[in-house]
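Enquirer: Generate coordinates for the sequence data below:
(2 chains)
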There are 2 protein chains.
Amino acid sequence: MSDVTVVELGPRDGLQNEPRTLTTDQRVAFVRALAATGLRRIEAGAFVHPTRVPQMAGSDEVCRQLQKDEEVRSRGVHLSALVPNLVGLDRARAAGLAHVAVFPAASETFSRRNLNQSVEEALGAAAEVCREARGHGMRVRGYVSTAFGCPYEGDVPVAAVLRVAEALLAAGVDEVALSDTIGIAHPGQVRAMLDAARGHLPLRAIALHFHDTRGTALANVLAALDRGVATFDACAGGLGGCPFAPGASGNLATEDLLYLLQGLGLARDIRLAGVLDVSEWLATVLGHPMPSRVAQATRARAR
Amino acid sequence: MSDVTVVELGPRDGLQNEPRTLTTDQRVAFVRALAATGLRRIEAGAFVHPTRVPQMAGSDEVCRQLQKDEEVRSRGVHLSALVPNLVGLDRARAAGLAHVAVFPAASETFSRRNLNQSVEEALGAAAEVCREARGHGMRVRGYVSTAFGCPYEGDVPVAAVLRVAEALLAAGVDEVALSDTIGIAHPGQVRAMLDAARGHLPLRAIALHFHDTRGTALANVLAALDRGVATFDACAGGLGGCPFAPGASGNLATEDLLYLLQGLGLARDIRLAGVLDVSEWLATVLGHPMPSRVAQATRARAR
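Expert: Presented below is the predicted three-dimensional model:
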């Protein structure tokens, strides 16, 4: 295991924002290829309503196939999926998953528009999922959306973010992923957030989730590494963004994150070249080039 | 003056790589608009051979007009230009400039292909320019190209970079700009470079010049800020790249750099919104969108 953990979200957060929906076989192949690069935590699907996120329809079958997959099993990959409620949790369990994720937001307007729930209601639903999941011995991650800013409200107070994160930890999540849903976070904000979190949240329970909308994602990772955070989210190719957050571009690309981390001697057990191959395949099946800077630079050199 | 100095290179390093050549009036307007944002150091042209870099032909007239310009004068803007030799220096002096820049490289192959000189020959020519310029009371900046890697040789030893930087300082340059010509630098490299430089180069004489080819430019700036570097190069819009370095994309965008710096409470005397306006104007006159991430995010929000 590496000192820094990369949580790969391409098959979920990445694909859910793509106009083209992949087939079950393609989704399974995507996760298998990621697993083969050495990535050990992969979010493989979402048990949300298929009319709301059609790209994630059939996550049951995707996860079921992957849980039986010899490559995924032998490599000890932890697969997870997003679950909004107990119905979603039942589907995740039926598919054989041992890891799920809940996703309240830190800002009221985003919560109401994205989840159709107040922050309190979303926390209540998340706590319910946590309780049930832990009763079955499952691990739960809690995303905190809009942790660095809200597309509707603008600034989100650090106190509001910490309150949601603390509530999630109290409800039994193993990890909170503070998420820069709209890609506005800069290192000054990351430092302020982590300094405020100290004493409230255990450092090892904090993951950070950045989008590279303003070019700051890797600087944010560096700022967080310097303060001891060791878990970062990314999507192969820089896929994704949030379909419900206007102006948000893709997630931090896994290959860009690895370029930074490996230059610091970290995460060396993941094959960057392998992720670049996955990214190139994604460009083919999704019909557009990937936004990853490292992938773009690699394409430019190959020309 | 701000605690951190942004050196704006759009009118030189930016434009020299553009397929479309701007008119004298457009180039003057570009620099005036940059000056109006609060930028205090602007590289306005290059006194190189016009057949080699046609985009920089007529830098004499551009600089002459700007030196007389009331807005530029009243704001105390320091204009500079690239000069490869004594002929270039004479042209710079005739245009009224008090700042010039020389540009040897740290790697032999790049030096020969880009300058048609060995590293030693280029250092000799730079020393000659320095001596003469300082005799006229001018200030000289020395770029060290390929400081973080060479498109032909790959890795460039830190010792080779420091040797060129020390030779330039010994020859009388006021500042060395360690330049990531091909955009491969990552924070691990920046830290190693600055740690090695300590004791050899005065910290205040070091500027850093990054391209955002692999998405690491702002992380590199953050790593350098943490080690006390206070001067950074950038190009409005993320213009540029090096026409002689295969696969290199644009320079770090001024607006992206400001987004990071201002989030840390630095460089607040420069108007980010003003730079975004300049960047939008550039997209019009150059006929393509600017690569700056902040500019792209701003355009996406405006839609």
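Enquirer: all strands for the stretch 1-150 of chain A, in order.
Expert: For the stretch 1-150 of chain A, the strands defined by DSSP state E, counting those that start in this stretch occupy A:5-8, A:41-46, A:78-82, A:99-102, A:139-144.
Enquirer: deepest of those strands, which one?
Expert: strand A:41-46 (a mean of 26; mean count of other CB atoms under 10 Å in any protein chain shown). Just so you know, the C-beta spots here come from the backbone N, C-alpha and C atoms, and that holds for glycine as well.
Enquirer: re earlier: among the strands of the stretch 1-150 of chain A, which comes closest to chain B?
Expert: Counting by CB to the nearest CB, chain B lies closest to strand A:5-8 out of the strands of the stretch 1-150 of chain A; the figure is 15.3 Å.
Enquirer: Tell me the strands beside the closest one, with direction?
Expert: Paired neighbours of strand A:5-8 in the sheet (DSSP bridges): strand A:41-46 (parallel), strand A:231-234 (parallel).
Enquirer: So for the last one, mean pLDDT?
Expert: What it means is strand A:231-234. Averaging pLDDT along strand A:231-234 yields 98.
Enquirer: The stretch 201-303 of chain A against chain B: which residues are in contact?
Expert: A:212-219, A:221-223, A:226, A:246-247, A:249, A:253, A:256, A:259-260, A:263-265, A:292-294, A:296-297, A:300-301 (CB under 8 Å from any CB of the partner chain).
Enquirer: Just the buried ones from these, in PyMOL syntax?
Expert: Selection of the buried residues among these in PyMOL, burial being defined by 16 or more other CB atoms under 10 Å in any protein chain shown:
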select buried, chain A and resi 212+213+214+215+216+217+218+219+221+222+223+226+247+249+253+256+259+260+263+264+292+293+294+296+297
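Enquirer: In chain A, where is pLDDT below threshold?
Expert: Applying pLDDT under 70 to chain A flags the ranges A:1-2, A:241-249, A:302-303.
Enquirer: mind putting the strands of the stretch 1-150 of chain A in TSV, distance to B:R12 included?
Expert: What follows is the strands of the stretch 1-150 of chain A, written out as TSV (distance: least, CB to CB, whole Å):
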stretch	distance to B:R12
strand A:5-8	39
strand A:41-46	46
strand A:78-82	49
strand A:99-102	49
strand A:139-144	45
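Enquirer: Can you show me the helices along the stretch 101-250 of chain A?
Expert: Secondary structure of the stretch 101-250 of chain A by DSSP state H, counting those that start in this stretch: the helices cover A:108-115, A:119-135, A:158-171, A:187-197, A:217-226.
Enquirer: now, of the ones you listed, which is deepest in the fold?
Expert: Buried most deeply of the helices of the stretch 101-250 of chain A, by mean count of other CB under 10 Å, is helix A:217-226, with a mean of 27.
Enquirer: and that helix with helix B:187-197, angle?
Expert: On the basis of axes from the mean of the first three to the mean of the last three CA atoms, to 10 degrees, helix A:217-226 is oriented at 70 degrees to helix B:187-197.
Enquirer: distance between helix A:217-226 and the chain's centre?
Expert: 16 Å (CA atoms, centre = their mean, to the nearest Å).
Enquirer: Please name every helix or strand in contact with it.
Expert: Packing contacts for helix A:217-226, counted by 3 or more CB pairs under 8 Å, 6 or more residues apart in numbering or on different chains; DSSP states H and E, involve helix A:187-197, strand A:206-209, helix A:254-263, helix B:217-226.
Enquirer: Tell me which of the ones you listed lies nearest to A:R52.
Expert: Among these, the nearest to A:R52 by CB to CB is strand A:206-209 (20.7 Å).
Enquirer: tell me how far the closest one is from the chain's mean position?
Expert: Relative to the centre of its chain, strand A:206-209 is centred 9 Å away, using CA atoms, centre = their mean.
Enquirer: One more: stretch A:126-144?
Expert: The answer for stretch A:126-144 is 16 Å, by CA atoms, centre = their mean.
Enquirer: Give me the contact list for that stretch.
Expert: Contact partners of stretch A:126-144, identified using CB atoms under 8 Å, 6 or more residues apart in numbering or on different chains, comprise A:78, A:80, A:83, A:85-86, A:88-89, A:92-93, A:97-106, A:161, A:164-165, A:167-169, A:171-179, A:207, A:209.
Enquirer: if we can go back for a sec, among the strands of the stretch 1-150 of chain A, single out whichever gets nearest to A:Q55.
Expert: Using CB to CB, these put strand A:41-46 closest to A:Q55, at 8.6 Å.
Enquirer: Between strand A:78-82 and that closest one, find me the angle.
Expert: Using the same axes, to 10 degrees: strand A:41-46 against strand A:78-82 is 40 degrees.
Enquirer: next one: phi and psi at the residue lying closest to A:G237 once chain neighbours are set aside?
Expert: Nearest residue to A:G237, sequence neighbours excluded (CB to CB, 6 or more residues apart in numbering or on different chains): A:M290, at 3.3 Å. For A:M290, the backbone dihedrals (degrees, to the nearest 10) come out as phi -80, psi 140.
Enquirer: With just CA atoms, put stretch A:141-153 into CSV.
Expert: Presented in CSV, the C-alpha positions along stretch A:141-153 are these (Å, rounded to 0.1, in the frame of the first residue of the first chain):
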residue,chain,number,x,y,z
ARG,A,141,-17.8,7.2,3.1
GLY,A,142,-19.6,10.6,3.5
TYR,A,143,-19.1,13.2,0.7
VAL,A,144,-19.6,16.8,1.9
SER,A,145,-20.7,18.6,-1.3
THR,A,146,-20.1,22.3,-1.8
ALA,A,147,-17.5,22.3,1.0
PHE,A,148,-15.5,25.0,-0.7
GLY,A,149,-18.3,27.0,-2.2
CYS,A,150,-21.9,26.7,-3.6
PRO,A,151,-23.0,27.4,-7.2
TYR,A,152,-26.1,29.1,-5.7
GLU,A,153,-25.0,30.6,-2.4
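Enquirer: residues contacting A:S179?
Expert: So A:S179 contacts A:143-148, A:209, A:233 (CB under 8 Å, 6+ apart).
Enquirer: Pick out whichever of the residues you listed sits closest to A:L34.
Expert: Distances from A:L34 to the contacts of A:S179, taken by CB to CB, are shortest for A:D233, at 13.4 Å.
Enquirer: Name the residues linked to the closest one by a beta bridge.
Expert: A:V7.
Enquirer: from memory A:T5 sits against A:A234, does it?
Expert: No. Counting by CB atoms under 8 Å, A:A234 is not a contact partner of A:T5; they are 10.7 Å apart.
Enquirer: Overlap in contacts, those two.
Expert: By CB under 8 Å, 6+ apart, no residue touches both A:T5 and A:A234.
Enquirer: ok now do A:A177, which residues does it touch?
Expert: Taking CB under 8 Å, 6+ apart, we find A:A177 in contact with A:7, A:101, A:141-144, A:207-209, A:231, A:233.
Enquirer: now with 6 Å?
Expert: A:143, A:207, A:209 (CB atoms under 6 Å, 6 or more residues apart in numbering or on different chains).
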